[in-house]
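Asker: show me the folded form of this:
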Amino acid sequence: MTTDTGGAAIGRQHWDQLKTGSLASLALAVLAGAWALLPGHDAGLSALLGVGVVWVSFGASAVIMAVLAPRLGQGIVFAGIAVYVLKVFVVAILVLTLSAPGWLRPVPAVLAAGVAVLMWQAVAFRAVARSRVLLFDSPTGDSTPTVERGRR
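Answerer: Now for the predicted structure:
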């Protein structure tokens, strides 16, 4: 495997996160949709809404990061933090300002959203672990990490 310091590789990583995370969200949505077909469908619809909110927020941030990555290079780390904070604030504002529909059951919605977040985080962790992208240059100029023992 080779390493790549370019933003294009980081952009591909985020497109892969979008694809894999969307497939995971689709699997959860199918389960929630099947649950919605059972009697007492409010819980299934609530779970479907929870998965949908997570898919939209994580999918939007993956698209934003994939578009920004080739342009920002090493600044992508700070952009990632900013996009994550923005995503949390937007979802929080929407939850606090919009009125909930009468059929919404909070427990299934929150549980499904929590599972969806865990799946998206696992997808992101896997993508970063497999990307082999150097985020920062080595102080010695080569691509191998350096460790100085005894210095504080």
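
Asker: please make it C-alpha for all contacts and neighbour counts, starting now.
Answerer: Noted.

Asker: any idea which helix or strand comes after the least confident helix or strand in the chain by mean pLDDT?
Answerer: Taking all helices and strands of the chain together, the one with the lowest average confidence (mean pLDDT, DSSP states H and E) is helix 7-36, at a mean of 75. The C-terminal neighbour of helix 7-36 among helices and strands, as given by DSSP states H and E, is helix 42-72.

Asker: tell me the mean pLDDT over that next one?
Answerer: If you average the pLDDT over helix 42-72, you get 86.

Asker: do stretch 88-96 as well
Answerer: When the per-residue pLDDT values of stretch 88-96 are averaged, the result is 90.

Asker: stretch 122-134 now?
Answerer: Throughout stretch 122-134, pLDDT has a mean value of 74.

Asker: for residue 54, grab the count of nearby residues.
Answerer: Around residue 54 sit 20 other residues, with neighbours defined as other Cα atoms under 10 Å.

Asker: can I assume it is in contact with residue 115?
Answerer: No. Look at residue 54 against residue 115 with Cα atoms under 8 Å: they stay out of range, at 9.6 Å.

Asker: thinking again about what came up before, run the chain-centre distance for the least confident helix or strand of the chain.
Answerer: Taking the mean of its C-alpha atoms, helix 7-36 sits 9 Å from the chain's own mean (Cα atoms, centre = their mean, to the nearest Å).

Asker: and it, what other elements does it pack with?
Answerer: Counting contacts by 3 or more Cα pairs under 8 Å, 6 or more residues apart in numbering; DSSP states H and E, helix 7-36 packs against helix 42-72, helix 106-131.
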